[in-house]
Each structure stands twice: as structure tokens, then as C-alpha cells.
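# Kindly generate the corresponding structure for this input.
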Amino acid sequence: MSMIKIDMNSPEFITEMEKTIKFTDKVVKQFNWEYNPQAEINEGVQMGLARNKMMYNKRFCPCFMVEEVDGKAKSVEDRICPCKPALEKEIPEDGVCHCQIFCTPEYAASRRVELGMEEVAHTHSRGLTDKEAQMLVNKDELDSDEIVSLLEARELGMVNFKLIDVREHMEWQMGHIKGADILIPTSSFFPTLEEAKLSKDENIILYCHVGSRSSHCARILTDNGFNKIGNITNGIVSYAGEINR
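Numbers count the residues shown, from 1 in each chain. Have a look, this model is predicted:
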């Protein structure tokens, strides 16, 4: 199938885009869904749907390839919006379709909180709310600003977690994150872990020098039944908060 070029500034595309927006509005209303809180995602998908409608006369999902079969355009998995996999599996199970334009009200609400939370953590424009702190402490991977925000929230009694250093004793003495609760060195991980008597249901956040050892230890804890493990992705070298030396 040869490449077909669409001029996004052409009257034909603008008209088709308007029709597509009305179409997605109708889909959202019909199924009691919501749009993704990130408007740029929705716009990108709508543009793809409009483009496919002009090219193939069908609103194929823009996230999937369109192939020519027996001289006719056909989407992989027969993905025509709103597609069957989204209706039957993705939205009921994940809360959002593969293209991410359509989602349940619950998913949209959670995503809005997450987006606001990330903005707060990265700009320090205001303190975290209780709900934002709870969502943040349950993330698998955290960056420096997020840990600073969480430690501030913990001091205020809004959230509870253990911050664990998995480097070696010499490294701990040279400097560790202010607020770190315990040192469990990777080289003597299991015996020190046993001495620490951690609960498998409490929130635990690990860190090391650059994130590799702590990531490994996080997998070990998860394999041993610990349910709420987080990791500082880039370790103490990326940490912008206070260090005890």
C-alpha cells in the first residue's frame, strides 16, 4: 500500500476532524466513559481517527497497523473505533483502552490525582494532600523530588513508610538520606532483613547508590511476599534533599 499524505490544514481534514470529535463525544456519552485527562492524548487519537477515515473510509484505531487484504484495507485485530477489545477486555479490566482516549470515570479520577501529584512533587508548589501522598507512596519507582515530598508528608503524619538503605556500612557512614530508617546491606541482606523484623504489609522504599542494588533487593522482597515495595530509581546520587554525613 503506497503512502497517502494528508494535509492537516486542508478544509477536508478540518471538516473530518470536527466530525471525529463529535463521534468520540458520542462514544463517551453512549458508554458512560470519560476522556483521558491528558488532552494531548485525546487530540492525537482523534487526529489519527480522522486521518484513517479520510484514507480508508473507516475510523481504524490509529495505534494499530492497517494492511491491505484482498484489495481492501483491514486493521490488525479488526480495530475499528470503538473497538471490540476495548469494549470487552481493556476498559473493563484496565479502565482504559489501548489508545488511551476512552477510560472509566474511576480511571480518569485516579489519573487526574496522579497528574496533580506529579506536578506537586516536581515543583514543590504546595504540600501533598493525603490522597496524593497515599498514591505516591504506593508507586514502584520514585525519583528524588517524590521522595523529598513523601518525607515531608511523613513528618506531618500523613503517610507511613520505611526508607531502607541497601548499600554497605561504609557508604552509610559517608552519607545517607536524612529520614532513612535502617541499613540492610545487600552483602548481608537476608540476616539483616530478619533482624529488622519488617512487616510484609507495610510500605517499604529502598535506595542504594544509583538504583541497581535497590532494584535487585526490591525484586527479592517481592518474591518473598512483601506487598508494597518502592525503589528510588536513580539512587542517592540523584537525591536533592538533605543528607546526613
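
# And this structure, what are its domain boundaries?
The chain breaks down into these domains under automatic domain parsing: 11-103, 128-244.

# TSV for those, including distance to E118, mean pLDDT and mean neighbour count?
C-beta coordinates here come from the backbone N, C-alpha and C atoms, glycine included. Output for these, formatted as TSV (distance: least, C-beta to C-beta, whole Å; pLDDT from 0 to 100; neighbours: other C-beta atoms under 10 Å):
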stretch	distance to E118	mean pLDDT	mean neighbour count
domain 11-103	12	91	17
domain 128-244	8	94	17
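
# Of these, which is nearest R112?
domain 11-103 (4.7 Å; C-beta to C-beta).

# Can you check the distance spanned by that closest one, start to finish?
End-to-end distance of domain 11-103 (C-alpha to C-alpha, to the nearest Å): 31 Å.

# Enumerate every residue touching I236.
Contacts for I236 (C-beta atoms under 8 Å, 6 or more residues apart in numbering) come out as 165, 167, 175-177, 207-209, 243.

# what does I177 give?
So I177 contacts 147, 163, 165, 207, 236, 239, 241-244 (C-beta under 8 Å, 6+ apart).

# quick one: it from S214, how far?
In this view, I177 and S214 are 12 Å apart by C-beta to C-beta, to the nearest Å.

# can you check E43 too?
For E43, the distance to S214 - C-beta to C-beta - is 38 Å.

# Find residues that contact each of I177 and S214.
Y207.

# okay, stretch 30-47 in PDB with CA atoms only?
Taking C-alpha atoms only, stretch 30-47 is exported to PDB below (Å, rounded to 0.1, in the frame of the first residue of the first chain):
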ATOM      1  CA  GLN A  30     -23.000   6.200  25.000                       C
ATOM      2  CA  PHE A  31     -20.800   4.100  27.200                       C
ATOM      3  CA  ASN A  32     -20.700   6.400  30.200                       C
ATOM      4  CA  TRP A  33     -16.900   6.700  29.800                       C
ATOM      5  CA  GLU A  34     -14.700   9.800  30.100                       C
ATOM      6  CA  TYR A  35     -11.900  11.200  28.000                       C
ATOM      7  CA  ASN A  36      -8.300  10.800  29.200                       C
ATOM      8  CA  PRO A  37      -7.500  13.700  31.500                       C
ATOM      9  CA  GLN A  38      -4.400  14.400  29.200                       C
ATOM     10  CA  ALA A  39      -6.000  16.400  26.400                       C
ATOM     11  CA  GLU A  40      -3.000  15.900  24.100                       C
ATOM     12  CA  ILE A  41      -3.600  12.200  24.100                       C
ATOM     13  CA  ASN A  42      -7.200  12.600  23.000                       C
ATOM     14  CA  GLU A  43      -6.300  15.100  20.300                       C
ATOM     15  CA  GLY A  44      -3.600  12.800  18.900                       C
ATOM     16  CA  VAL A  45      -6.100   9.900  18.700                       C
ATOM     17  CA  GLN A  46      -8.800  12.000  17.200                       C
ATOM     18  CA  MET A  47      -6.400  13.200  14.500                       C
END
